[in-house]
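Q: just a sequence and a predicted model for now, questions to come.
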Amino acid sequence: MLFFVVLTLLASSAGAEFLPQFFSFSPPVGSGSGSSYSITGEGRITAVRVWEYYSGYIRGFQFRYGFIWSPIAGYQYGNSHTFELFDDEAIIQISGKYAHYLQSLVITTTRGRSMYVGQPSGHSFNLYPTHKQAELRFISGRFHGGITSIGAHWAILDPTLNSTTEH
């Protein structure tokens, strides 16, 4: 039942621009305390911004979809790291370590590039799609003082739709 609720929310928030038969969900990892967050948008993710608490844990996230930055999940405090994706590049893996907070984060793309943020300590995690051509569409989780959990939602974008170009 939860899968169909998440799939319906994804379809409505993303304008049904993905192929639903190729949707998958990586359940949240982390302690999971605090308020919930979700970062969604239309089109492909074109940049990621992460706030790190002075070489410690992850405080907040922000994605850019096309040319539009999402609201911030968590807190805009500490060192900011921005990772710009190339045209036709997509996020295909999120890994890292967590204790109470998300301690480190590694974001990997279809071009083999990675963004490394935080200090690797705690329990390891690895989030990736079920389908080979799927990419990250949005994340969700919880935060309290920092990011306490992260889950990933993956899908194959409908190739007939492209919102990363200006109209």
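A: Right, received. Where do you want to start?
Q: check contacts around the residue nearest the centre of the chain.
A: In the chain, the centroid-proximal residue (CA atoms, centre = their mean) is I139; its distance is 4.1 Å. The neighbours of I139, taking CB atoms under 8 Å, 6 or more residues apart in numbering as the test, are S38, I39, F61, F63, A73, I94, I150, G151, A152, H153. In this view, the C-beta of every residue, glycine as well, is placed from N, C-alpha and C.
Q: which among those end up buried?
A: When those are checked for burial by 16 or more other CB atoms under 10 Å, the buried set is S38, I39, F61, F63, A73, I94, I150, G151, A152, H153.
Q: what distance do you get for the last one to S38?
A: Per CB to CB, to the nearest Å, H153 is found 9 Å from S38.
Q: go on, G56?
A: As judged by CB to CB, G56 and S38 stand 24 Å apart.
Q: what about the protein, any weak spots by pLDDT?
A: Scanning the chain with the threshold set as pLDDT under 70 gives 1-20, 159-167.
Q: mind listing the helices for it?
A: Per DSSP state H, the chain carries helices over the ranges 2-13.
Q: max-length strand in it?
A: The residue-count maximum for a strand in the chain (DSSP state E) belongs to strand 18-30.
Q: partners of it in the sheet?
A: Strand pairing for strand 18-30, determined by DSSP bridges: strand 147-157 (antiparallel).
Q: residues in contact with Q76?
A: W51, R59, G60, Q62.
Q: how about 6 Å then?
A: W51, G60 (CB atoms under 6 Å, 6 or more residues apart in numbering).
Q: and the end-to-end length of stretch 112-121?
A: In stretch 112-121, first residue to last residue: 23 Å (CA to CA, to the nearest Å).
Q: make that stretch 97-107, sorry
A: 12 Å.
Q: so G43 touches Y65, yeah?
A: Yes - using CB atoms under 6 Å, G43 makes contact with Y65 at a distance of 5.0 Å.
Q: pretty sure P129 is in contact with F25, am I right?
A: No - if you go by CB under 6 Å, P129 and F25 don't touch, sitting 9.3 Å apart.
Q: neighbour-wise, which of those two wins?
A: Set P129 next to F25 and count neighbours by other CB atoms under 10 Å: P129 wins out with 24 against 19.
Q: just the strands in the chain please.
A: Under the criterion DSSP E, strands of the chain are mapped to 18-30, 35-39, 45-52, 58-65, 68-69, 73-74, 79-84, 91-98, 102-109, 114-118, 123-127, 135-143, 147-157.
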